[in-house]
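Novice: Predicted model follows, preceded by the sequence.
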Amino acid sequence: MIVALAGGVGAARFLEGLIHVIDPKDLTVIVNTADDLYLYGLYISPDLDTIMYNLAGIANKSTGWGIQDDTFHCLEMLERYGNEPWFKLGDKDFATHILRTHLLRRGIPLSEVTRLLCSLLGVEVNVVPMTNNKVSTRVVTEQGILDFQDYFVRQQETAVVRDVYFEGIENAVPPEGLLELLKSANGVIICPSNPIVSIQPILKVSGILPILKELPVIGISPIVGGSPIKGPADKLMRAFKIEVSAYGVARYYATFLNTLIIDTVDANLQSQIEELEIHAVVTNTLMRTLEDKIALAKITLRELDKIL
Ligand code: GDP
Ligand code: FO1
């Protein structure tokens, strides 16, 4: 069993390749839920949905999130009722949020709801939220404290970030059975995800980090040539005084990481990373085509195997 830690779009791209090279049933993905939000009374879990839709083959290929060929009639009607349509929820996507919220209100834990939705969409990978408890990313900015999606989507990352914290993280425990499953893993992959707001919350859920320290762990740098491919990782890393580079990522993960895959453009950072006693593997990490994704997945598994 391989376990992957994942945020949204970057992770989903990588996992699409991975399921072509391993049996999806041998893969568990622990997904960040600190970006989750309530909108119109519905519980929305963007990273869980991004992973689920991509693994089900129904994701919007241009954005990486949402559902392919979705329509926005519901959102248009909500706008007519005076609601600002800042978070682009499609009609089919709404169905997921309606059903999930309905099941959660009946007392079914998020992990069980996720298992059900995945199986109904034909996803064979074991997709697990990092916790069933409510954790919310708060971005401390010069303009005040913002919810993550407010900062990222509504305000388009314009606010200057001072700090980030995860409300509720102290009481967050992993879903039942997850720690045992993690302990039995052959290796762990840290997907190319935002280290601050996607991977950090997972690491902070009680019990996860101590187990990682005992396992072979490989990561793929989400920072390529000194910047993220998309998203606010650079701004958030700077707020945490982390160098925005593959080296900065390596240092951030240094307490548990054995190997980091870095992009060809960052080959000059290889020896600096190895001084941290982290093996650095240089390859193309830009996942444009399915072939790119499969090639990166193969290299990741080969290098993970070397740690075992
Ligand atoms: P989301 O994509 O915003 O939902 O959140 P993630 O936590 O998945 O963060 C996306 C991260 O993945 C960003 O920091 C990107 O730089 C990184 N990323 C996206 N696509 C690629 C890619 O093709 N290669 C690499 N190396 N990183 C990527
Ligand atoms: N990202 C955007 O940049 N704009 C949106 O309007 C938006 C809507 C959205 C709806 C459902 C969903 O599952 C994801 C959505 N995302 C949107 C992506 C999301 O904000 C981020 O990619 C993740 O939360 C970061 O990990």
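Specialist: Noted; the coordinates are in hand. Ligands and ions are numbered 1, 2, ... in the order given.

Novice: Let's see the pLDDT reported for residue 308.
Specialist: Model confidence at residue 308, expressed as pLDDT, equals 65.

Novice: What of residue 35?
Specialist: At residue 35, the pLDDT value in this model is 97.

Novice: Number of residues surrounding it?
Specialist: 25 (other CB atoms under 10 Å). Heads up, the C-betas are built off the backbone N, CA and C, glycines and all.

Novice: do the same with residue 237
Specialist: Neighbour count of residue 237, defined by other CB under 10 Å: 23.

Novice: Report the contact partners of it.
Specialist: With contact taken as CB atoms under 8 Å, 6 or more residues apart in numbering, residue 237 is in contact with 195, 196, 223, 243, 244, 248, 252.

Novice: My read is that residue 269 contacts residue 243, right?
Specialist: No. Counting by CB atoms under 8 Å, no contact exists between residue 269 and residue 243, whose distance comes to 10.0 Å.

Novice: quick one: which of the two has more around it?
Specialist: For residue 269 versus residue 243, the count of surrounding residues by other CB under 10 Å is larger for residue 269: 24 against 16.

Novice: Enumerate the residues of the stretch 151-300 of the chain near ligand 1.
Specialist: For the stretch 151-300 of the chain, the residues in contact with ligand 1 (CB under 6 Å from any ligand atom) are 192-194, 198, 220-222, 224, 228-231, 233, 285-287.

Novice: One more pass at 5 Å, please.
Specialist: Applying CB under 5 Å from any ligand atom, one finds that the stretch 151-300 of the chain approaches ligand 1 through 192, 193, 194, 198, 222, 228, 229, 231, 233, 285, 286, 287.

Novice: what residues are up against the third one?
Specialist: This points to residue 194. Counting by CB under 8 Å, 6+ apart, residue 194 makes contact with 7, 10, 222, 228, 231, 232, 233, 236.

Novice: neighbours of the third one, just the number please.
Specialist: Residue 222 has 27 neighbouring residues, counting by other CB under 10 Å.

Novice: which residues sit in contact with it?
Specialist: Residues in contact with residue 222, defined by CB under 8 Å, 6+ apart, are 10, 192, 193, 194, 195, 228, 229, 233, 249.
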